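Visitor: output the structure for:
(one chain, ligands or ions: 1)
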Amino acid sequence: MTQPQVEVLMDAPALVQRAKELVMAEAQQAIAQRDRFTIALAGGNTPKPLYEQLSKQTLPWSKVHIFWGDERYVPMDHADSNAGMAQKAWLDHVSLPAENIHPMPTNAAKPADAAQAYETHLNNFFGSKSEPGQFPQLDVVLLGIGPDGHTASLFPHTAALQVCEHSITVGDKDGQPRITFTVPILNRARCVIFLVTGENKRTALDHIFAEQADATQWPARLVRPQDGQLIWLLDQSAGQELKL
Ligand code: 6PG
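Guide: Sure, this is the predicted structure:
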């Protein structure tokens with residue numbers, strides 16, 4: 001388990017610039033080594049300016065595949081859709097083949113069926129078997145955290161935190177269903193990059209980085225890639241008081 005690499009950047013624009021550099025470097029390396037780049041996107045507000053910056057970059061887009069680490073259970077044209085946000089900020093502006101965009105399904109009558117369908121899709125794409133312990137390996141997973149220490153849609157004290165036999169499950173935000181990566185697939189990634197800005201994330205960061213803390217209360221503590229890189233990008237307002 002590698003030690004986290006923590007970088008505190010002056011402000012949100014500087015964090016976005018650094019995140020762009022890291023994602024581009026990972027993409028170029030993955031394409032050079034495996035002729036494709038797979039990335040799972042985070043939702044929420046923080047990553048939107050990063051996606052806008054990535055829309056101005058040049059990559060062999062036919063070799064780039066976009067997934068999501070979590071999704072609200074709404075149609076893509078809904079204001080809350082993580083896929084809709086990324087589509088508008090980035091994917092609509094680059095020549096990515098439609099088949100390279102892999103949004104989480106949110107139209108099944110039961111969210112559990114949508115989660116199963118996405119897991120099957122990932123297993124088929126990555127060639128990972130649906131056997132216990134076999135999880136798809138993405139090149140990069142982008143994540144944020146909430147003030148409550150959640151990440152993706154792994155919320156405190158929810159059943160999703162305990163799922164270890166599946167790569168995709170149903171998250172629960174105050175009774176609202178989400179589709180989310182589970183801890184094992186997150187920890188299988190080659191590179192996990194957390195993007196965290198704002199003073200309202202300080203308390204969560206203190207508990208996430210504390211020697212001892214309840215990971216079911218602060219779920220982002222559970223993200224510790226076995227072999228991959230773990231990078232935390234914090235802006236000053238989130239990270240300046242953090243004791244490492
Ligand atoms: C989501 C995200 C979620 C997000 C955090 C931080 O679907 O909302 O995936 O995990 O990363 O809530 O959100 P902000 O970036 O808006 O603070």
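Visitor: I figured residue 163 hits residue 181, correct?
Guide: No. The pair residue 163 and residue 181 does not pass the contact test of Cβ atoms under 8 Å, sitting 10.0 Å apart. C-beta: built from backbone N, CA, C; applies to glycine.
Visitor: between these two, tell me which one has more neighbours.
Guide: Taking neighbours as other Cβ atoms under 10 Å, residue 163 and residue 181 compare with residue 181 leading, 36 against 21.
Visitor: so the nearest residue to that one once chain neighbours are set aside versus residue 168, what's the distance?
Guide: Excluding its sequence neighbours, the residue lying closest to residue 181 (Cβ to Cβ, 6 or more residues apart in numbering) is residue 69, at 4.6 Å. Residue 69 sits 10 Å away from residue 168, going by Cβ to Cβ, to the nearest Å.
Visitor: overlap of the contact sets of those two?
Guide: Taking Cβ atoms under 8 Å, 6 or more residues apart in numbering as the criterion, residue 69 and residue 168 both touch 180-181.
Visitor: near the ligand, which residues of the chain show up?
Guide: Applying Cβ under 6 Å from any ligand atom, one finds that the chain approaches the ligand through 42-46, 70, 82, 144-146, 150-153.
Visitor: of these, buried ones?
Guide: Using 16 or more other Cβ atoms under 10 Å as the burial test, those include 42-43, 46, 70, 82, 144-146, 150-153 as buried.
Visitor: which of the residues you listed fall in helices?
Guide: The helices, defined by DSSP state H, take in residue 82 from these.
Visitor: just the closest of the buried ones among the residues of the chain next to the ligand to residue 121, please.
Guide: residue 70 (15.2 Å; Cβ to Cβ).
Visitor: quick one, strands of this structure?
Guide: 5-9, 37-41, 64-68, 70-72, 140-143, 168-173, 176-181, 191-196, 229-235 (DSSP state E).
Visitor: pairing partners for the shortest one, with directions?
Guide: When pairs are called by DSSP bridges, strand 70-72 turns out to pair with strand 176-181 (antiparallel).
Visitor: now the angle between strand 64-68 and the strand it pairs with, please.
Guide: Here strand 176-181 points in a direction 140 degrees away from that of strand 64-68 (axes from the mean of the first three to the mean of the last three Cα atoms, to 10 degrees).
Visitor: may I have the lengthiest helix in the chain exported as PDB, CA atoms only?
Guide: The longest helix of the chain (DSSP H) is helix 12-34. Presented in PDB, the C-alpha positions along helix 12-34 are these (Å, rounded to 0.1, in the frame of the first residue of the first chain):
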ATOM      1  CA  ALA A  12      -8.600  26.200  -6.900                       C
ATOM      2  CA  PRO A  13      -7.200  27.300 -10.300                       C
ATOM      3  CA  ALA A  14      -3.700  26.200  -9.300                       C
ATOM      4  CA  LEU A  15      -5.200  22.800  -8.200                       C
ATOM      5  CA  VAL A  16      -7.000  22.500 -11.500                       C
ATOM      6  CA  GLN A  17      -3.800  23.200 -13.500                       C
ATOM      7  CA  ARG A  18      -1.900  20.600 -11.400                       C
ATOM      8  CA  ALA A  19      -4.700  18.000 -11.900                       C
ATOM      9  CA  LYS A  20      -4.700  18.600 -15.600                       C
ATOM     10  CA  GLU A  21      -0.900  18.000 -15.800                       C
ATOM     11  CA  LEU A  22      -1.300  14.800 -13.800                       C
ATOM     12  CA  VAL A  23      -4.200  13.500 -15.900                       C
ATOM     13  CA  MET A  24      -2.400  14.300 -19.100                       C
ATOM     14  CA  ALA A  25       0.800  12.600 -18.000                       C
ATOM     15  CA  GLU A  26      -1.200   9.500 -16.900                       C
ATOM     16  CA  ALA A  27      -3.000   9.400 -20.200                       C
ATOM     17  CA  GLN A  28       0.100   9.700 -22.300                       C
ATOM     18  CA  GLN A  29       1.800   7.000 -20.200                       C
ATOM     19  CA  ALA A  30      -1.200   4.600 -20.400                       C
ATOM     20  CA  ILE A  31      -1.500   5.100 -24.200                       C
ATOM     21  CA  ALA A  32       2.200   4.500 -24.700                       C
ATOM     22  CA  GLN A  33       2.200   1.400 -22.500                       C
ATOM     23  CA  ARG A  34      -1.300  -0.100 -23.300                       C
END
